[in-house]
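> Model the following, please.
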Amino acid sequence: MHDGQARSLTQWLVPEFWACHYAITYYLGSITRYRPHHFDSILEGSFGPLVEAFLNDQPAQFRYLTASKFARREVTRAALV
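The predicted structure follows:
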């Protein structure tokens, strides 16, 4: 808490999110480049669903958190009506 006010979720998670996002992306990129034969075994292993969820969801999540950081406020996608 800063000055008695609650900080937004974006302010708390952005540095940690970027670090985790970079580390996971770097790892998967190195597997894809240097040991592509291991990628299928990763997807079929116990972490497969997590890796698939990361690859599906994180590009959009990263984009919104980056936009929030630059705009210095929460940025979300507009609701479809």
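> Report all helices and strands that the helix or strand of the chain with the lowest mean pLDDT contacts.
Within the chain, no helix or strand scores below helix 9-34, which has a mean of 82 by mean pLDDT, DSSP states H and E. Other elements packing on helix 9-34 under the criterion 3 or more C-beta pairs under 8 Å, 6 or more residues apart in numbering; DSSP states H and E are helix 39-44, helix 48-71. Glycine gets a C-beta too; all of them are placed from N, C-alpha and C.
> Between the ones you listed, which has the poorest mean confidence score?
Lowest mean pLDDT of the helices and strands packed on helix 9-34: helix 48-71, a mean of 87.
> That one packs against which elements?
Under the contact criterion of 3+ C-beta pairs under 8 Å, 6+ apart, helix 48-71 touches helix 9-34, helix 39-44.
> Redo those as CSV? Include distance to residue 55 and mean neighbour count.
Putting the helices and strands packed on helix 48-71 into CSV (distance: least, C-beta to C-beta, whole Å; neighbours: other C-beta atoms under 10 Å) gives the following:
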stretch, distance to residue 55, mean neighbour count
helix 9-34, 8, 12
helix 39-44, 9, 12
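> got those as CSV, with distance to residue 59 columns?
Compiled in CSV, the helices and strands packed on helix 48-71 are given as follows (distance: least, C-beta to C-beta, whole Å):
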stretch, distance to residue 59
helix 9-34, 10
helix 39-44, 18
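> Quick one: closest of these to residue 64.
Smallest distance to residue 64 across the helices and strands packed on helix 48-71 (C-beta to C-beta): 9.0 Å, for helix 9-34.
> and the angle from the least confident helix or strand of the chain to helix 48-71?
Here helix 9-34 runs at an angle of 130 degrees relative to helix 48-71 (axes from the mean of the first three to the mean of the last three C-alpha atoms, to 10 degrees).
> From residue 35, how far out is residue 75?
Applying C-beta to C-beta, to the nearest Å, the value for residue 75 to residue 35 is 36 Å.
> more crowded one of those two?
residue 75 (15 against 11; other C-beta atoms under 10 Å).
> The more buried one is in contact with residue 68, isn't it?
Yes. Using C-beta atoms under 8 Å, residue 75 makes contact with residue 68 at a distance of 4.5 Å.
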